[in-house]
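Peer 1: Just to be clear, the model below is a prediction. Sequence and coordinates:
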Amino acid sequence: MAGTDVFPVRSPTPEKVFIDGYVVGTGAANPTKIVGTGWTMTRNGGAGLYRITFDANQGQFQGVVFQLGGTTPTSVAGFSANWDSDSYNPATKTLDFTVTNASNVAADLTSAQHVYFNASFKRTQAQ
């Protein structure tokens, strides 16, 4: 398989693959990658809109979990990361998501805010 090397996991779903990452915000610029391989994250247009592009097709997209953190708990109070079932595009290997503030308005990640994500895929015969 080209792209990201993966290692077996114990899961009730055969051929499960997890891709995870951690970034810190930079305001109106692309977030800075802290941890992770096999992906890049960019700001995708307006405030709070982000795109994860995976290096390789990992199989059938199963879902993603986002966790927000900050330099202090108040840095992320009321913020959330949101995606919907149409957010992943297998043709382009991209996943779009939005960060919103306590007023439910899209907002850029600041340098005091971090995002961790874990995306899961199920391998198919094509991989």
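Peer 2: Received the coordinates, thanks.
Peer 1: Mind checking what secondary structure residue 74 has?
Peer 2: Per DSSP: H, G, I helix; E, B strand; the rest coil, the secondary structure class of residue 74 is helix.
Peer 1: what's around it, how many residues?
Peer 2: Residues contacting residue 74 under the criterion other Cβ atoms under 10 Å number 9. No exception for glycine: its C-beta is placed from N, CA and C like everyone else's.
Peer 1: before we move on, what about residue 32?
Peer 2: 14.
Peer 1: from what I can see it touches residue 21, true?
Peer 2: No: with contact defined as Cβ atoms under 8 Å, residue 32 does not count as touching residue 21 (11.3 Å).
Peer 1: Could you pull out the strands in the protein for me?
Peer 2: Secondary structure of the chain (DSSP state E): strands located at 16-24, 32-35, 39-43, 49-54, 60-70, 80-82, 88-89, 94-100, 113-122.
Peer 1: What is the last one packed up against?
Peer 2: In this structure, strand 113-122 packs against strand 16-24, strand 49-54, strand 60-70, with contacts taken as 3 or more Cβ pairs under 8 Å, 6 or more residues apart in numbering; DSSP states H and E.
Peer 1: before we move on, what about the third one?
Peer 2: Secondary-structure packing of strand 39-43 (3+ Cβ pairs under 8 Å, 6+ apart): strand 16-24, strand 49-54.
Peer 1: If you average pLDDT over each of those, which is lowest?
Peer 2: Comparing mean pLDDT across the helices and strands packed on strand 39-43, the weakest is strand 16-24, with a mean of 93.
Peer 1: who does it pair up with?
Peer 2: strand 32-35 (antiparallel), strand 113-122 (antiparallel) (DSSP bridges).
Peer 1: if we compare the helices and strands packed on strand 39-43, which one ends up closest to residue 105?
Peer 2: Smallest distance to residue 105 across these (Cβ to Cβ): 12.1 Å, for strand 49-54.
Peer 1: Alright, calling it a day.
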